[in-house]
Each structure stands twice: as C-alpha cells, then as structure tokens.
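Visitor: sharing a model prediction with you, sequence too.
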Amino acid sequence: MYTRGAGKTRVVVGVYVDDLIITGANPKEVGAFKEEMRRLFRMSDLGLLSYYLGIEEKQGRNAITLGQATYAKKLLEKAGLASCKSISTPMEVRLRLSTKSTTPTVDATMYRSLVGSLRYLVHTRPDIAFAVGYASRFMETLRQEHLVAVKHLLRYIAGMIDYGLVYPKLSNGVNNLVGYTDSDMGGDVDERRCTAGVLFFLGDMPRVPAIVFVSGGGRRQGEALIVDHFVEFVRRDGELTEGPQLIAVLLVGKAAEKLASHHYEF
C-alpha cells in the first residue's frame with residue numbers, strides 16, 4: 001500500500017500484482033493520480049470497485065457492503081456440498097474436539113484445503129471466525145470428528161451464503177471505537193488452555209471480525225488463530241502486547257472511517 005499527500009489531499013493506492021485500488025477523500029486528487037498513471041503506463045480504468053481477490057463490493061449512497069458469495073459457492077462445490085441441507089449454527093453447542101481422538105483418519109490434504117479456504121472467507125464473515133479458528137487447531141492430527149465439524153460449518157455457510165459486512169456512512173459523526181473481549185477459561189480439553197474472542201465497534205457497527213486467541217498458562221505462549229485484515233495480534237502470558245494492540249486500534253479505526261465515508265475506485 002502506498003500513499004501520497006496528507007489530510008484531505010491524501011491518495012491511497014493498494015497494489016496487487018498489476019491491479020490497483022485507488023481511493024482518497026478528494027475526487028480531484030484521485031482523478032489527477034489516475035491521469036498521471038495513464039501517461040506513464042498502459043492501463044484501464046474499470047470504475048468503482050466491485051470485485052477484488054474474491055471479495056465482492058457493492059457501493060451505495062448510504063453504505064458499502066462486502067461479501068464473498070461467489071467464493072463461498074465454489075468452496076461448497078469443492079467440498080461436495082453444493083446441494084446440501086443447510087443448518088442454522090456454525091458449530092454444535094459446547095463442542096469439544098480433541099487431538100487424541102480415536103475416530104478414523106481422513107484425507108489430510110482435503111481437510112487443510114477446506115480450512116485454508118474458510119480462513120480466507122473470514123475476511124467478510126466474522127460469524128464463522130470462532131468455528132474456523134477451532135478447526136484450525138487440528139491440522140496435524142486429523143480425524144473423522146474434525147472433518148464432521150468442518151462440514152457442519154460448510155452447511156451453515158450454505159444457508160447464509162449472502163452474509164457479509166456492511167459499512168454505513170457515519171452521518172451523525174459518531175465514531176467512538178469500543179472493544180469487547182471474553183474467554184472460556186480453560187476450554188481446551190487437551191491442554192486446558194483458554195480461548196478468548198475480541199470484537200471492536202466503530203459507532204454502532206462491528207468493524208473487526210472476532211479474533212480468536214489461545215492463551216498459555218505460566219510461560220507458555222499462544223498466537224492468534226484468526227487475524228484481521230490489518231495487523232496480527234499476539235497474546236503472551238494472558239495479555240495482549242500493548243504496541244500491536246494500539247497500532248491495530250488506530251489502523252482499524254482509520255480504515256473503517258474511510259470505508260464509511262468514501263468510494264473506492266478500481
């Protein structure tokens with residue numbers, strides 16, 4: 001990501017291979033940058049951003065919506081669940097999986113591929129963050145019960161295929177950043193480690209997908225199983241390190257405000 005200018009004249013450019021996402025508070029500055037790029041390189045202006053790296057974007061007058069419905073449908077086809085019967089919860093209540101399971105082994109390559117794809121889907125689906133993080137713990141010791149939990153999650157996605165993130169325009173100027181966290185206090189049946197979730201709100205809307213941690217007791221350490229789009233959180237000795245946490249709050253707040261206030265162009 002690159003920036004030019006400051007304040008209301010700032011232009012932000014996201015680069016992936018030969019694709020650019022250009023945004024800024026001032027349309028004139030954005031237009032001038034695009035004209036400059038056309039003079040220097042052969043490029044096409046595709047207008048407002050609508051699809052990028054599997055993420056669909058719908059831009060309206062009052063809100064921006066992000067989703068991955070097409071990506072989710074392809075994932076269901078890969079798993080052989082394109083016409084499955086949907087369910088209403090991403091995971092069974094009080095589900096406790098173990099690395100010491102004695103159920104039959106499963107195809108490790110398929111399991112890891114499905115979980116990896118689900119981790120990318122979390123970008124616009126915070127409702128599945130915990131379930132995906134939980135399934136990610138068993139990448140080394142794969143058993144039938146672990147695959148059953150992943151298929152349960154996929155059946156939930158099949159029924160909620162159009163879910164995504166909505167960033168409404170902040171018309172009243174309320175942009176207080178508030179965070180919440182909770183822990184299950186030793187819910188891991190194998191090592192008695194804790195799982196904690198974190199959720200941030202900017203104004204009245206959630207702005208950051210739930211982030212799942214595994215905290216170690218004593219000297220043991222755990223890392224984030226699900227990371228948000230901007231920064232990786234690390235939990236050590238039961239507490240979040242102060243530096244990454246403060247940086248994350250600033251980055252997430254600024255990014256969310258930009259999404260709520262401006263259109264992205266491709």
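Guide: Cool, got the structure.

Visitor: where does the stretch 51-200 of the chain have low pLDDT?
Guide: Across the stretch 51-200 of the chain, the ranges flagged by pLDDT under 70 are 171-175.

Visitor: rerun at 90
Guide: Where the stretch 51-200 of the chain drops to pLDDT under 90, the residues are 51-54, 59-65, 92-102, 105, 123-127, 129-130, 133-134, 136-142, 165-200.

Visitor: from what I can see Ser117 touches Leu76, true?
Guide: No: using Cβ atoms under 8 Å, Ser117 is not in contact with Leu76, being 10.1 Å away. C-beta coordinates here come from the backbone N, C-alpha and C atoms, glycine included.

Visitor: so what's Gln144 up against?
Guide: The contact partners of Gln144, taken as Cβ atoms under 8 Å, 6 or more residues apart in numbering, are 101, 103-106.

Visitor: need those in a markdown table (columns: distance to Arg10 and secondary structure).
Guide: Listed next are the contacts of Gln144 as a markdown table, based on distance: Cβ to Cβ, whole Å; DSSP: H, G, I helix; E, B strand; the rest coil:
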| residue | distance to Arg10 | secondary structure |
| --- | --- | --- |
| Ser101 | 52 | coil |
| Thr103 | 55 | coil |
| Pro104 | 56 | coil |
| Thr105 | 53 | coil |
| Val106 | 50 | coil |
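
Visitor: which two from these end up farthest apart in space?
Guide: Ser101 and Val106 (10.8 Å; Cβ to Cβ).

Visitor: identify the contacts common to these two.
Guide: With Cβ under 8 Å, 6+ apart as the test, Ser101 and Val106 both reach 143-144, 146.

Visitor: show me the helices in the chain, by range?
Guide: Residue ranges of the helices in the chain, as given by DSSP state H, are 27-40, 69-78, 108-121, 129-135, 144-159, 242-261.

Visitor: what about Ile55, distance to Leu81?
Guide: 22 Å (Cβ to Cβ, to the nearest Å).

Visitor: kindly report the same for Ser113.
Guide: Distance from Ser113 to Leu81, by Cβ to Cβ: 14 Å.

Visitor: out of these two, which sits in the busier spot?
Guide: Leu81 (17 against 14; other Cβ atoms under 10 Å).

Visitor: check contacts around the more buried one.
Guide: Taking Cβ under 8 Å, 6+ apart as the test, what Leu81 contacts is 151, 154-155, 158.

Visitor: phi, psi of it?
Guide: Phi and psi for Leu81, reported as degrees, to the nearest 10, are phi -120, psi 30.

Visitor: ditto for the one 3 residues further on
Guide: Dihedral angles of Cys84 (phi, psi; degrees, to the nearest 10) stand at phi -80, psi 160.

Visitor: residues in contact with Asp184?
Guide: Neighbouring residues of Asp184 by Cβ under 8 Å, 6+ apart: 194-196.

Visitor: recalculate using a threshold of 6 Å.
Guide: Thr195 (Cβ atoms under 6 Å, 6 or more residues apart in numbering).

Visitor: setting aside sequence neighbours, what's the nearest residue to Val132?
Guide: Leu118 (4.6 Å; Cβ to Cβ, 6 or more residues apart in numbering).

Visitor: cool, thanks, talk later.
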